[in-house]
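# next input, structure requested:
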Amino acid sequence: MDYYQVLGVGRKASSSEIKKAYKRLARKCHPDLNPGNRAAEEQFKRITEAYDVLSDSEKRKRYDQGGSHSSGPGFTPPGAGGFGPGFPSGFEFDAGGLGRGFTDIFEEIFNPSQGQRRRDPAPGEDRIYPIRIGFFDALRGLSTTLDLEGEIACPDCGGTGSVRSARSQVCPDCGGIGTIQRIGGRIRFTSECRRCGGTGKLSEESCHRCGGSGTIVRRERIQVQIPPGVDTGSRVRLVGKGRAGTLGGPPGDLYIQVQVEPHPFFARAGDQILCTVPISFSEAALGARVEVPTIDGGSTIRIPPGTQSGQKLRLKGKGAPSLKGVGRGDQIVEVKVLTPEVRDERARALLKELGERDRADLRGHLKPHS
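Numbers count the residues shown, from 1 in each chain. Below is the predicted model of the structure:
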């Protein structure tokens, strides 16, 4: 008998592929699912023999080399003495005799809800705590206090929900016998009780403090340091301050999500500070040095002669601190040239004279489409 052909896999199949093929075939022809079907019983016997060999690395190696192995013609799986014709009292299958791998597979096939109920320790979920801070607080950083309320791992049981008991109790899943039996027609399927590990007894009881949930609610006041340079959308991570894990798993993290209040004059673009500064017609035409507000107070910037409205000038190193902790960005100053108001006849005459001196055709390049 070719074990690879029985399971429908190639000779180079991985262990996971072999297990997957066996599970698929076991669901199809297991005696519990095919009561009275002799062909299904024989097929189940063959695939179980094949899986017993191919799932064990040593047995598979000997089989591939053409050597001996524990299975062969007339093979009867451990605990399956009832296989074959003429069994008057039904067939008893002991999955425990085939090892944990078989037990796990049959648990998935016959009692998937049982597998879902048993959980392993899992990490807790992360939490997000929004915080709104001022524009200059974001630039300089600040220390703030947060009042938090949430679930933490119960300190009495470590988050498992159970504690050691001086007095053992009978396992409620198996009734103290250490095995779980399921009956389908003439077939009785027996497997080791997963809850008590086959001992039939439990030496733990529910934690009295958390009632078995593994978590308690606690109010906590913590000090948080917001670093300089944060902006809207920035997150500050506090490790282990998230939701409690399940069954003793590690807690999640807490993320302080920052929202920065807008400023009436300054704006942010990463580590750059943006602002708009008005200048006069004469300052734009002749050039000047003007005082510009900065986040540090103020700085003088040079307006080149002939500056146009909307032109941007740069103040190096006057921007926001870098979140990387090194250096600062720049401040970008956009100038806005203000058109002067004609307040008297003298001003009107000067502007008219200026216009006559400057006879450049400013719109000569604007031509309609032909």
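# and R164, what pLDDT?
The model reports R164 with a pLDDT of 70.
# host element of it?
For R164, the enclosing helix or strand under DSSP states H and E is strand 162-170.
# check L139 too.
Element membership for L139 (DSSP H and E) is helix 135-140.
# and what of T145?
strand 142-153.
# which residues does that strand contact?
124, 127, 129, 131, 133, 159, 214-226, 241, 243-245, 248, 251, 254, 256 (C-beta atoms under 8 Å, 6 or more residues apart in numbering). No exception for glycine: its C-beta is placed from N, CA and C like everyone else's.
# name every strand pairing with it and say which way it goes.
strand 215-226 (antiparallel) (DSSP bridges).
# report the buried residues of the strand it pairs with.
For strand 215-226, a neighbour-count test (16 or more other C-beta atoms under 10 Å) marks 215-216, 224, 226 as buried.
# next secondary structure after that strand?
Proceeding N to C from strand 215-226, the next assigned helix or strand is strand 235-238, under DSSP H and E.
# roughly how far is that next one from the heart of the chain?
Distance of strand 235-238 from its chain centroid, counting by C-alpha atoms, centre = their mean, to the nearest Å, is 15 Å.
# tilt between the next helix or strand after that strand and strand 142-153?
Sequence-wise, the next helix or strand downstream of strand 235-238 (DSSP H and E) is strand 254-260. Here the directions of strand 254-260 and strand 142-153 differ by 150 degrees (axes from the mean of the first three to the mean of the last three C-alpha atoms, to 10 degrees).
# strand 254-260 - contacts with which helices or strands?
Packing contacts for strand 254-260, counted by 3 or more C-beta pairs under 8 Å, 6 or more residues apart in numbering; DSSP states H and E, involve strand 127-133, helix 135-140, strand 215-226, strand 235-238.
# list the helices and strands the helix ranked longest in the chain packs on?
Ranked by number of residues, the top helix in the chain under DSSP state H is helix 38-54. With contacts taken as 3+ C-beta pairs under 8 Å, 6+ apart, helix 38-54 sits against helix 3-7, helix 15-29, helix 57-64.
# may I see the buried residues of the second one?
Judged by neighbour count (16+ other C-beta under 10 Å), helix 15-29 contains these buried residues: 18-19, 21-23, 25-26, 29.
# I'd like to know which elements it is packed against.
Counting by 3+ C-beta pairs under 8 Å, 6+ apart, helix 15-29 packs on helix 3-7, helix 38-54, helix 100-110.
# residues of the longest one that come out buried?
The reference is to helix 38-54. Using 16+ other C-beta under 10 Å as the burial criterion, the residues of helix 38-54 that qualify are 40-41, 43-54.
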